[in-house]
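Q: okay, sequence plus prediction incoming.
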Amino acid sequence: MTGEYHLLFILFISNILLNGRSVIIITGSGYIKRIRIEEFEAQSRGGKGKAGAKLSTDQDSVSQFFTCNDHDLILFITDK
């Protein structure tokens, strides 16, 4: 895509999608998952929690997570 068409695509997507909040989860093996923040619920003490990310193996773990708006641009850089 040229820069002009890329900008039009971004403007089109931002007009049809709501700007909700999301959680981005990154695992140690490099998988990335976006989950709407509404899927997380407040818990009392002693709650067992909810599985937010199904990991590929038993040795894999969540290495990073952060919140963002759905219209935010995120740049991921990897050496893989």
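A: Arrived safely.
Q: going by C-alpha atoms from here, please, whenever you check contacts or count neighbours.
A: OK.
Q: tell me the first helix or strand C-terminal of the lowest-mean-pLDDT helix or strand in the chain.
A: Lowest by mean pLDDT, DSSP states H and E among the helices and strands of the chain is helix 3-16, with a mean of 67. Next helix or strand after helix 3-16 toward the C-terminus (DSSP states H and E): strand 21-27.
Q: partners of whichever helix or strand comes after that following strand, with directions?
A: Heading C-terminal from strand 21-27, the first helix or strand you meet, by DSSP H and E, is strand 32-36. Note on strand 32-36: by DSSP bridges, its sheet partners are strand 21-27 (antiparallel).
Q: per-residue confidence averaged over the strand it pairs with?
A: The average pLDDT for strand 21-27 rounds to 90.
Q: give me the residues contacting that strand.
A: Outside strand 21-27, the residues that touch it by C-alpha atoms under 8 Å, 6 or more residues apart in numbering are 32-37, 53, 55, 60-70.
Q: can I get the CA coordinates of that strand in CSV?
A: C-alpha atoms of strand 21-27 as CSV (Å, rounded to 0.1, in the frame of the first residue of the first chain):
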residue,chain,number,x,y,z
ARG,A,21,-10.3,-0.5,25.7
SER,A,22,-8.3,-3.8,25.2
VAL,A,23,-5.6,-5.8,27.0
ILE,A,24,-2.7,-6.9,24.9
ILE,A,25,-1.0,-10.1,26.2
ILE,A,26,2.5,-11.2,24.9
THR,A,27,3.8,-14.7,25.8
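Q: one step back: can you say which of the contacts of strand 21-27 are buried?
A: Among those, those classed as buried by 16 or more other C-alpha atoms under 10 Å are 34, 62, 68, 70.
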